[in-house]
Structures are given as C-alpha cells and as structure tokens.
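# predicted coordinates and the sequence they were generated for:
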Amino acid sequence: METTDALGRRRRVTQSRGLRPLFPKLPTDFQSRLIRLAMSSRAWARIESLVAHSSAPTLPRAFGEVVERLLENFDSASQRTNRSFIDSRFRQSAEPEEKRTAHWQDWQMRKELALLAAASERSHGLVAQEIN
C-alpha cells in the first residue's frame, strides 16, 4: 500500500478511505477546465440529451465528448461552406446596434458621466462668478 497519495498527502496503514481520487485520472492528452455557459433552455435540453447518451465515466467527460463532437461537425461544415458566406449571414441576422437593449451598467455609466459633466459646468460657473 502506498504511503502517500497523488498529491503527496500521507496515509496511515489502517486508512482505507479519504485519499482516494473521486474521479478516474484523465489521459495525458486531456485538460480539464471550468467554464460557465449561458444558453437558452432549449439549447441546454439538447446538450443534456446528447450527454445522456454518452458512455463517458464522468459527467465532465461526457460534456467534453459532446463539445468535441460539435467542434468536429463545425470543422467539417466550415470546410464545405465558404466562411465569408457564414459571416455575411450572421451579420444580416444580427440586430442593429440601436435596437439592442442596453445593459444597465452602460446606462449607469452614461448617467454618472452626465452628472459629472453637470457638476463640472456648475463649478466652472461658480469660478467665473468669483472672478467677475
């Protein structure tokens, strides 16, 4: 029995649990990263149905398989299709900038800048009155 685990923590001879890895080791060519995605409920349902059919040993590996499959399909589709055609279609479907709903932080920043400008004008007016 090993006296240390993969992270170098010591084990007692009587210890049979506590330092076992929770997940199988990743192959050497794999890399694990934590990402956060925001998608529509419909898109999540589609992704989760694809993950449910996976035979991967863990949920993160199943999601990885689905993403890799989607990337392979994207690569093969982009080889068949002219990239500029895809880009022009995307630009046509995108909403004009003025029709998009502004983020509340953008509104907040514009409000604060307007307040600063008004305060600056007032202070310059006071300085001009003191000079006269």
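Alright, I've got the coordinates.
# could you use CA atoms for every contact and neighbour count after this?
Will do.
# can you pull the pLDDT of Ser41?
On pLDDT, Ser41 comes in at 93.
# buried ones in the helix or strand where Leu116 lies, by neighbour count?
In this assignment (DSSP states H and E), Leu116 forms part of helix 104-131. Using 16 or more other CA atoms under 10 Å as the test for burial, helix 104-131 gives no buried residues.
# do stretch 45-59 as well
Residues of stretch 45-59 classed as buried: 51, 54 (neighbour count, 16+ other CA under 10 Å).
# ends of that stretch, how far apart?
Across stretch 45-59, the terminal residues are separated by 15 Å (CA to CA, to the nearest Å).
# please apply the same query to stretch 9-27.
Chord length of stretch 9-27, first to last residue, is 22 Å (CA to CA).
# now it: average pLDDT?
The model assigns stretch 9-27 a mean pLDDT of 73.
# then stretch 77-94?
Across stretch 77-94, the per-residue pLDDT values average to 59.
# for stretch 47-64, same thing?
91.
# surely Glu68 is in a helix?
Yes: using DSSP: H, G, I helix; E, B strand; the rest coil, the secondary structure at Glu68 is a helix.
# give me the number of residues near it?
Glu68 is flanked by 12 other residues according to other CA atoms under 10 Å.
# try the one 3 residues further on
The tally of other residues near Leu71 (other CA under 10 Å) stands at 12.
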